[in-house]
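Participant: this is a predicted model, with the sequence first.
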Amino acid sequence: MVYGNIITLNELVKIVNNLKKQNKKIITTNGVFDILHRGHIDLFKQAKKLGGILIVGVNSDGSVKQNKGDKRPINNEKSRLEVVSSMKYVDYVFLFDEKDPRKWLSKIKPNIHIKGSDYTIESIIEKDVVESNSGKIVLIPIVEGYSTTDIIGRILSVYKKG
């Protein structure tokens, strides 16, 4: 099912195959994008500057709980999809339920997969899948001082009962 630029993985694979026949560059990134902030927006902006179709995989509520614990996400998957899809830099958004992106990356086979520079190339678990399909990993410098965890911490600090 396609809803604007929010799409299922199966439909996305068909679209990507067609785009590749047109020699379009496919760029992917993924994340929770729980409380969207300047760092997220900069990541999308820098990824889009690489000159291709930007596809964003958003972790489902279930996979967020697996990765970050029972208190997350703050915003549910539908809300997070809507917010990410509204970014002018993002061409397609889809939801994935796995703990990590390797399964869907093996289907999309992007030319470039983006991660923030808070990772090292060696620590990126999807590196082998991307490179085995002739893609490359690109690290985008992160905007220091912006993370959802830090924002939650600041909110709790400011509004704690005392």
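Facilitator: Received, thanks. Note that this is a predicted model, so its numbers are computed, not measured.
Participant: and the strands in this structure?
Facilitator: 2-3, 6-7, 26-31, 53-59, 92-96, 112-116, 136-140 (DSSP state E).
Participant: nearest to residue 122, out of the ones you listed?
Facilitator: Residue 122 sits nearest to strand 136-140 of all those, at 10.3 Å, using CB to CB. For the C-beta atoms, the positions are set from N, CA and C on the backbone; glycine is no exception.
Participant: geometric centre of the protein: which residue is closest?
Facilitator: Compute the mean C-alpha point of the chain, and by CA atoms, centre = their mean the closest residue is residue 30, 1.9 Å away.
Participant: from memory that residue sits against residue 59, does it?
Facilitator: Yes. Using CB atoms under 8 Å, residue 30 makes contact with residue 59 at a distance of 7.1 Å.
Participant: now list whatever residues contact both of those two.
Facilitator: Each of residue 96 lies in contact with both residue 30 and residue 59 under the rule CB atoms under 8 Å, 6 or more residues apart in numbering.
Participant: so what's the nearest residue to residue 46 once chain neighbours are set aside up against?
Facilitator: Take residue 46 and drop its neighbours on the chain: the residue closest to it by CB to CB, 6 or more residues apart in numbering is residue 140, 4.5 Å away. By CB under 8 Å, 6+ apart, residue 140 lies in contact with 42-43, 46-47, 114-117.
Participant: for these, which one is nearest residue 80?
Facilitator: Using CB to CB, these come closest to residue 80 at residue 43, 14.7 Å.
Participant: any idea how many residues pack against the closest one?
Facilitator: Number of residues near residue 43 (other CB atoms under 10 Å) recorded here: 23.
Participant: got it, and residue 5?
Facilitator: Residue 5 has 17 nearby residues by other CB under 10 Å.
Participant: check contacts around it.
Facilitator: Counting by CB under 8 Å, 6+ apart, residue 5 makes contact with 85, 90-93.
Participant: quick one: it from residue 82, how far?
Facilitator: The gap separating residue 5 from residue 82 is 11 Å, by CB to CB, to the nearest Å.
Participant: you'd agree residue 75 is up against residue 35?
Facilitator: Yes. Here residue 75 reaches residue 35: they are 6.8 Å apart, a contact under CB under 8 Å.
Participant: my guess is residue 109 contacts residue 132. True?
Facilitator: No. Look at residue 109 against residue 132 with CB under 8 Å: they stay out of range, at 9.1 Å.
Participant: could you list the low-pLDDT ranges of this structure?
Facilitator: Applying pLDDT under 70 to the chain flags the ranges 1-3, 161-162.
Participant: mind running it again at 80?
Facilitator: Applying pLDDT under 80 to the chain picks out residues 1-4, 161-162.
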